[in-house]
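>>> structure of the sequence below:
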Amino acid sequence: MPTKNTYISVVGALPISFDLHESMNIGPVVASSNSNKSLSFPYATVNSEQNLQDMLNSSNFKHTKLLCPEELFKKYLFFDGVTCLPDFPGLKTLELDANRCSPQILSLLLSVYFNPKIIFLLGYDISNPEELSRTKRIAISHPHIKFMYICNPPRTYQLDDLENGFCDSYIKYQEFIDGKK
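Numbers count the residues shown, from 1 in each chain. Coordinates of the predicted model:
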């Protein structure tokens, strides 16, 4: 598990045309299941047995720590790289179930667990109203963390109604990374 980091990037379910190695220059990157399996990540969350099996059989996840809910972890505990997700405080309050929510929500919860200053959401799918609502509930319950949704133009305003949420472009994100090198 990563130690305290100032910045964490979450890679959602959508394909990305951005060099994620750049993201790794500022902090850990957490992948959401196997949706971007052509890349190698330090951490990935998964709550589906089928996806976990696919990830275990993929060479790109060979050095990835695969974090899954306890129920799934118990079945795969002897596989290298499979780790149990921590107990997330407030799951009941947020009306979330780690076994049934999307892998990108699991990745977001894991990122929040490490209490960073900023969480960058890359390839994060918020087109589903339920997914957007869950993301906002998590952001609202962690007002000390900034949630930066990175998108391609045209800019979306989906998180702008949150005091700690904002949207920006990959160009601005790259400028931020360059400023931290």
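>>> give me the pLDDT value at the residue in the chain sticking out farthest from the centre.
Distance from the centre of the chain peaks at Phe78, with 24.6 Å (Cα atoms, centre = their mean). Listed pLDDT for Phe78 reads 95.
>>> over to Leu159?
The model's pLDDT for Leu159 equals 89.
>>> what do you get for Met1?
pLDDT, Met1: 52.
>>> picking that back up, how much space between the residue farthest from the centre of the chain and Leu56?
Per Cβ to Cβ, to the nearest Å, Phe78 is found 11 Å from Leu56. The C-beta positions use only the backbone N, C-alpha and C, and glycine is treated the same way.
>>> swap in Pro28?
From Pro28 over to Leu56 the distance is 21 Å, taken as Cβ to Cβ.
>>> again with Asp87
The value you get for Asp87 to Leu56, if Cβ to Cβ is used, is 24 Å.
>>> more neighbours, the two?
Leu56 (17 against 9; other Cβ atoms under 10 Å).
>>> just give the nearest non-adjacent residue to that one, would you?
Spatial nearest neighbour of Leu56, excluding adjacent residues (Cβ to Cβ, 6 or more residues apart in numbering): Phe79 at 5.8 Å.
>>> tell me, how many residues neighbour the one you found?
For Phe79, using other Cβ under 10 Å, the count is 13.
>>> that one: which element?
Phe79 belongs to no helix or strand when assigned by DSSP states H and E.
>>> that one and Met55: what is the separation?
10 Å.
>>> in its sheet, what does the helix or strand containing Cys167 sit against?
Following DSSP H and E, one finds Cys167 within strand 165-169. Applying DSSP bridges, strand 165-169 is found paired with strand 146-151 (parallel).
>>> hmm, who's touching the strand it pairs with?
Residues from elsewhere that reach strand 146-151, judged by Cβ atoms under 8 Å, 6 or more residues apart in numbering: 117-122, 124, 126, 135, 139, 156, 158-159, 162, 164-170, 173.
>>> what is the mean pLDDT for it?
On average, strand 146-151 scores 94.
>>> now stretch 10-23
On average, stretch 10-23 scores 87.
>>> what do you get for stretch 88-99?
Rounded mean pLDDT across stretch 88-99 is 80.
>>> buried ones in that stretch?
Of the residues in stretch 88-99, Phe88, Leu94, Leu96, Ala98 count as buried by neighbour count, 16 or more other Cβ atoms under 10 Å.
>>> in those, find the pair that's most separated.
For the buried residues of stretch 88-99, the maximum inter-member distance is 10.8 Å, found between Leu94 and Ala98 (Cβ to Cβ).
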